[in-house]
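Novice: next comes the sequence, and after it the predicted model I'd like to discuss.
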Amino acid sequence: MSNEPTSNRIVEQRGDETVIILQEGRWDRVVDGSVQSMIMLVWIGVETFILGHLLAALGLQIAPFGLAMDRPPVWAALILLIFAAGIALMIVPMISSLFRMLFGKDRIVLRPGEIRVRRSVGPFGRERVFSPDRIEWIGTRHKARALCFSVASKKVVVASLGTRADRRFLASTLQERYGLKTASDLARSAGPAGWEIAQSGEGFVSFRDTLTGFSLIFVAAAISLVSWFLVSASIAVRWLDKGTLNLSAGDAVRISLALGVTIFSFWVARRSRAVHMRRNEMVIETKFGPWKLRRSVSNAWLRVSFVTSKKAQDIFTLEADSEGTSTIVFDRWNDPTEVVALARALARHTGWKLEIAPQALEA
């Protein structure tokens, strides 16, 4: 058995079995852990302050941090309740992330015909076993560049700890040992992962985004519910005070805004996208219900660009440039895999020149 510590990874070779362990470096645990702990303590303090007001609304007088709480009105208590729920939803993943960083370990065991993955925090965790022939593709996902498998069209996180170089080492080892394909590899022979390919009329080949986007639907539903809750709360408070319900012009405006937020949120979540292409021509189609928007581009060249936002988010965008006019075809935040795969597939079918930013290839 050999033990080779490299960066934040440990590689152990035991005959035909290879064990790769990824964890955060000591310096990262000290610095990032201290920063995350301070942020989390601030959030807990805010949550405690809000809960103090909510308890005061129920007639229970407490004084968190030595501050006396006055009983808030009903509408203020309802708004505070929404904030308390939102902050609680943020604290839970923050605590999970902190413990993963301090005590987490990703252990991947490579054996003939199987891959064992155990992602743990201290003594807690579970092991999953994957058959290489059932893995559709391997790639990075999410802001942290977590290494993922696609199994039965579902993304499974394999490793999120260590450095990007550590996860690239793990990915290349898995590809070399088991012959796993990336989404870009699959796109060269078919369509990008998550897109279906079909022949359409007049010689066009169509790529259609088949992802249902449940996370977007959840966000859209949450935004819509919050909007309607605020509208209902404002009406209910006056109804309880006066005993009668009389809607005003302001109520009509608020109801209209809530309806607009609902429609827009679900439009963003449920709209379907398709790209139709043939030699030297591409048509981008966006559809929502009975409405359809089509943009045609010809004699163009393709470019995958990269920018970093003020919040350190990486944005990868596929654009088609034709006669000085740039048309955005597709974009993704923090993950260039699908953007690059789609760009290469479009370049193959249209015959257009393709330029890819180095950052999109290195990510």
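Specialist: Perfect, I can see it now.

Novice: is it true that residue 260 lies in a strand?
Specialist: No - counting by DSSP: H, G, I helix; E, B strand; the rest coil, residue 260 falls outside a strand, being helix.

Novice: burial check on it, number of neighbours?
Specialist: Residue 260 has 11 neighbouring residues, counting by other Cβ atoms under 10 Å. (Each C-beta comes from the backbone N, C-alpha and C, glycine too.)

Novice: burial measure for residue 134, as a count.
Specialist: Counted by other Cβ under 10 Å, the residues lying close to residue 134 total 10.

Novice: that one and residue 154 touch, don't they?
Specialist: No - using Cβ atoms under 8 Å as the test, residue 134 is too far from residue 154 to be in contact (11.3 Å).

Novice: what's the span of stretch 151-166, first residue to last?
Specialist: 22 Å (Cα to Cα, to the nearest Å).

Novice: now stretch 295-306
Specialist: Note: stretch 295-306 ends 23 Å apart using Cα to Cα.

Novice: confirm residue 138 sits in a strand?
Specialist: Yes - membership of residue 138 in a strand is supported by three-state DSSP.

Novice: pairing partners for it in the sheet, please.
Specialist: residue 149 (DSSP bridges).

Novice: ok, now which ones touch it?
Specialist: 147-150, 171, 174-175, 180-182 (Cβ atoms under 8 Å, 6 or more residues apart in numbering).

Novice: what separates it from residue 117, distance-wise?
Specialist: Computed with Cβ to Cβ, to the nearest Å, the distance linking residue 138 and residue 117 is 12 Å.

Novice: also residue 39?
Specialist: 30 Å.

Novice: comparing those two, which residue is more hemmed in?
Specialist: Taking other Cβ under 10 Å, residue 39 and residue 117 do not tie; residue 117 has more neighbours (20 against 12).

Novice: that one is in contact with residue 126, isn't it?
Specialist: No - checked against Cβ under 8 Å, the pair residue 117 and residue 126 is beyond contact range at 9.4 Å.

Novice: list the contacts for residue 167?
Specialist: Counting by Cβ under 8 Å, 6+ apart, residue 167 has contacts 22, 140, 145-147, 159-160.

Novice: rerun that using 7 Å as the cut-off
Specialist: Shown in contact with residue 167 (Cβ atoms under 7 Å, 6 or more residues apart in numbering): 140, 145, 147, 159.

Novice: check what pLDDT it gets.
Specialist: At residue 167, the predicted lDDT confidence score is 88.

Novice: strands of the stretch 51-200 of the chain, start to end?
Specialist: Here the stretch 51-200 of the chain has its strands, by DSSP state E, counting those that start in this stretch, at 104-111, 114-121, 124-130, 135-141, 146-151, 154-159, 195-199.

Novice: for those strands, which one sits closest to residue 329?
Specialist: In terms of Cβ to Cβ, the element of those nearest to residue 329 is strand 195-199, at 12.2 Å.

Novice: quick one: strands adjacent to the next helix-or-strand element following that closest one?
Specialist: Using DSSP states H and E, the helix or strand that directly follows strand 195-199 along the chain is strand 205-209. Applying DSSP bridges, strand 205-209 is found paired with strand 195-199 (antiparallel), strand 272-278 (antiparallel).
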